[in-house]
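Undergrad: just coords:
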């Protein structure tokens, strides 16, 4: 299926979950300061494994950076 | 007791108490080592952080640096232009940092980075309702500050001058009025260029100062962190000391009584 991950189009397996996308990005399951939104809604860390992605999903993966 | 070791009265924001009245902004540091050095010198207990799309090439997390420095994070919503974006970013921040505390920024213009009052109030209302501890970055407008306070914000964070401008406190009169009517802590945010700006903010009655660029973009960030920390302390001490009133004419500090007559008598 097709999805966008941080604005980039990606081809993902049909059974892709939030957790599998993070694995694709090389983000450890316990990485600190990371949050995920799918189609604008936050998916909490405890639901990364179980949250399947709909076709065309827009996935945003954000992490902490320095900022005032 | 030296200015370095003096204990100030603690700062209370919402249900938390802080020994330090300097909040360090972590934006603009060239690398994590300089940030770590600035943290050590600033002795801040709260540091702002932001969220951006994950950079797979990034080395190490800023959170490790801050944890090692023993500071807590205050997420911001920097870069948001609408209440909708700010609220969505707040939700991400709560998930990423496991805190309800939020420095709310809703910007209205990309050259001045001044807050958009209308969007700011809308976002603050929604986030307070959701249970966030909201610390809004605001203009130095006393009416807007009062509105934010009345909504239930835990503090107000008026600017001294635009973000990163280093122009100091452009309207000390407005800032004084904000302080005078505040029932929540007033934290000067934005505009600090050097230590004396931080001291002035405290002398005007602010409860704390947030400083980012003045430290992170200084030639020697650690030295400036130390200077700003001492500026904050000096200003707070001066408030407690009670300054003399301003007067238009001189008032001799040396007594005039008992002057010897040395010239030819008239």
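TA: Yep, it's here. Fair warning: this is a prediction, and the values are worked out from it, not measured in the lab. Numbers count the residues shown, from 1 in each chain, chains lettered A, B, ... in the order given.

Undergrad: ok, and the closest non-adjacent residue to the closest residue to chain A within the stretch 101-250 of chain B?
TA: As assessed by CB to the nearest CB, chain A sits closest to residue B:212 within the stretch 101-250 of chain B, at 3.3 Å. Any C-beta I mention is one placed from the backbone N, CA and C, and that applies to glycine too. Computed as CB to CB, 6 or more residues apart in numbering or on different chains, the closest residue to residue B:212 that is not its neighbour in sequence is residue B:25, at 2.5 Å.

Undergrad: quick one, longest strand in chain A?
TA: Ranked by number of residues, the top strand in chain A under DSSP state E is strand A:58-66.

Undergrad: Kindly spell out which helices and strands sit in contact with that strand.
TA: On a contact count with 3 or more CB pairs under 8 Å, 6 or more residues apart in numbering or on different chains; DSSP states H and E, strand A:58-66 meets strand A:2-5, helix A:18-24, strand A:34-38, strand B:46-53, helix B:62-68, helix B:83-97.

Undergrad: I'd like to know which of the ones you listed is closest to residue B:29.
TA: Between residue B:29 and these, the shortest gap by CB to CB is with helix B:62-68, which sits at 9.0 Å.

Undergrad: The closest one and chain A in contact?
TA: Yes. Shown here: helix B:62-68 in contact with chain A (CB under 8 Å from any CB of the partner chain) through B:62-64.

Undergrad: Same check on stretch B:162-176?
TA: Yes. Contact of stretch B:162-176 with chain A (CB under 8 Å from any CB) involves B:163-164.

Undergrad: thought the residue nearest to residue B:212 was touching residue B:216?
TA: Yes. Residue B:25 lies in contact with residue B:216 (CB atoms under 8 Å); the separation is 7.2 Å.

Undergrad: Compare the two and say which is more crowded by neighbours.
TA: residue B:25 (30 against 23; other CB atoms under 10 Å in any protein chain shown).

Undergrad: how about the more buried one, phi and psi?
TA: Dihedral angles phi and psi of residue B:25 (degrees, to the nearest 10) take the values phi -90, psi 140.

Undergrad: beta partners of it?
TA: residue B:48 (DSSP bridges).

Undergrad: Just the closest residue of chain A to chain B, please.
TA: Counting by CB to the nearest CB, chain A gets nearest chain B through residue A:67, at 2.7 Å.

Undergrad: tell me, how many neighbours does that residue end up with?
TA: Per other CB under 10 Å, the neighbour tally for residue A:67 reads 23.

Undergrad: The lowest-mean-pLDDT helix or strand in chain B - contacts with which helices or strands?
TA: The weakest-scoring helix or strand in chain B, judged by mean pLDDT, DSSP states H and E, is helix B:62-68 (a mean of 93). Contacts defined by 3+ CB pairs under 8 Å, 6+ apart place helix B:62-68 against strand A:58-66, helix B:32-42, strand B:46-53, strand B:72-75.

Undergrad: now these in TSV, with mean pLDDT and mean neighbour count?
TA: TSV is the format used below for those (pLDDT from 0 to 100; neighbours: other CB atoms under 10 Å in any protein chain shown):
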stretch	mean pLDDT	mean neighbour count
strand A:58-66	94	21
helix B:32-42	95	20
strand B:46-53	96	22
strand B:72-75	96	22
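
Undergrad: Spell out which parts of chain A neighbour chain B.
TA: So chain A meets chain B at A:6-7, A:25-27, A:31-37, A:40, A:42, A:44-45, A:60-68 (CB under 8 Å from any CB).
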